[in-house]
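Enquirer: what shape does this take:
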Amino acid sequence: MIRFPVNDDRQFNNPDGFAMAFDPAWKECHRRGLLSGLNVDEQIEAVIKTVDDHPFIQSSPEQARQVAKFRVRLLDLSG
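Expert: As a prediction, the model looks like this:
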């Protein structure tokens, strides 16, 4: 198995790099209760605001939103 640094703070301007930032941001926002009372689209927007300095958000905001929606569905994060 290839190991990678868990605390690697590099950001890559691509969908995978964005997903690697979005997933922990989603979990942290839920942990803090920042997403309660919001529908899924509002939750996604709230999380995106926390990672809005990510290069993929800045260069491809619509694609980043599509990736976020896919991640939420794929990992059943909304449920």
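Enquirer: C-alpha from now on. contacts and neighbour counts both.
Expert: Fine.
Enquirer: pLDDT weak spots in this structure?
Expert: 1-9, 78-79 (pLDDT under 70).
Enquirer: and the longest helix for it?
Expert: helix 15-31 (DSSP state H).
Enquirer: which other helices and strands contact that one?
Expert: Applying 3 or more CA pairs under 8 Å, 6 or more residues apart in numbering; DSSP states H and E, we find helix 15-31 packed against helix 40-50, helix 55-59, helix 61-74.
Enquirer: let me have those helices in JSON lines, adding mean neighbour count as columns.
Expert: Output for these, formatted as JSON lines (neighbours: other CA atoms under 10 Å):
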{"stretch": "helix 40-50", "mean neighbour count": "17"}
{"stretch": "helix 55-59", "mean neighbour count": "17"}
{"stretch": "helix 61-74", "mean neighbour count": "16"}
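Enquirer: before we move on, the earlier item: just the angle for the longest helix of the chain relative to helix 61-74, thanks.
Expert: 60 degrees (axes from the mean of the first three to the mean of the last three CA atoms, to 10 degrees).
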